[in-house]
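Asks: coordinates only, no sequence provided:
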């Protein structure tokens with residue numbers, strides 16, 4: 001396929017898990033990335049999507065589903081990132097990035113997709129930048145030279161322009177959706193759920209209607225950039 005649709009959703013301690021089938025049926029994503037999921041309670045399938053990977057070191061974690069008739073699962077990675085004080089005291093999550101390398105059957109190429117959940121707002125932006133950098137380095141090792149997309153809850157409501165510039169220096173694009181993605185507290189409302197990509201042209205990022213989570217789902221439509229991560233170039237790093 002020339003375009004890939006990825007839906008990302010922070011389930012707010014699994015409260016919105018019952019909405020997944022409706023989201024799959026209505027928006028038909030190719031990949032579904034979840035945060036704050038009760039991984040033990042997740043089904044093996046959501047309609048035509050198969051559970052490809054999930055974290056296992058904490059009850060509320062990350063999961064990725066993929067459309068089985070469009071992709072083959074090749075490899076996975078999960079990683080515990082540098083911890084905030086919140087993590088050390090309350091231990092809400094250990095693994096904060098989960099990545100899968102998929103073979104796109106129609107396109108005949110590999111693509112790396114990841115679900116990411118940064119440290120909460122009690123941490124500094126500098127810690128979250130360290131987490132983002134470490135996550136991208138892990139994905140580069142998982143799928144060197146392949147188109148890469150990391151989506152999820154970045155918990156980065158201010159100074160996003162600075163973060164975007166840092167990502168561009170690493171060879172990545174940072175994309176925000178067309179409307180705010182967090183609505184629980186009036187003072188903290190804003191864009192929290194981002195997309196980091198390399199080797200992909202982001203066509204659009206849409207904020208979907210709010211369900212029972214305090215985060216709104218986002219739907220990313222991306223297209224492969226010609227010549228990036230093709231069969232001829234797969235496996236060649238870009239030096240970032």
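Replies: Looks like it came in fine. Computed from a predicted structure; not experimentally measured. Residues are numbered from 1 along each chain as shown.

Asks: so the closest residue to residue 60 other than its chain neighbours is in which element?
Replies: In space, and not counting its chain neighbours, residue 60 is closest to residue 36: 5.1 Å by Cβ to Cβ, 6 or more residues apart in numbering. Every residue, glycine included, has its C-beta placed from N, CA and C. Under the criterion of DSSP states H and E, residue 36 resides in strand 31-38.

Asks: for the helix or strand following that strand, which outside residues touch it?
Replies: Going down the chain from strand 31-38, the next helix or strand is strand 45-46, by DSSP H and E. Residues outside strand 45-46 that contact it (Cβ atoms under 8 Å, 6 or more residues apart in numbering) are 20-21, 24, 32, 51, 65.

Asks: and the longest helix along the chain, how far out from the chain middle?
Replies: Ranked by number of residues, the top helix in the chain under DSSP state H is helix 125-142. Taking the mean of its C-alpha atoms, helix 125-142 sits 12 Å from the chain's own mean (Cα atoms, centre = their mean, to the nearest Å).

Asks: and it, what's buried?
Replies: Buried residues in helix 125-142, defined by neighbour count with 16 or more other Cβ atoms under 10 Å: 125, 127-132, 134-136, 138-140, 142.

Asks: show me where the chain has helices.
Replies: Taking DSSP H as the criterion, the chain carries its helices at 20-27, 85-90, 125-142, 160-169.

Asks: turn those into JSON lines, including mean pLDDT and distance to residue 9.
Replies: Conversion of the helices of the chain to JSON lines gives the following (pLDDT from 0 to 100; distance: least, Cβ to Cβ, whole Å):
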{"stretch": "helix 20-27", "mean pLDDT": "98", "distance to residue 9": "7"}
{"stretch": "helix 85-90", "mean pLDDT": "46", "distance to residue 9": "22"}
{"stretch": "helix 125-142", "mean pLDDT": "92", "distance to residue 9": "18"}
{"stretch": "helix 160-169", "mean pLDDT": "90", "distance to residue 9": "20"}
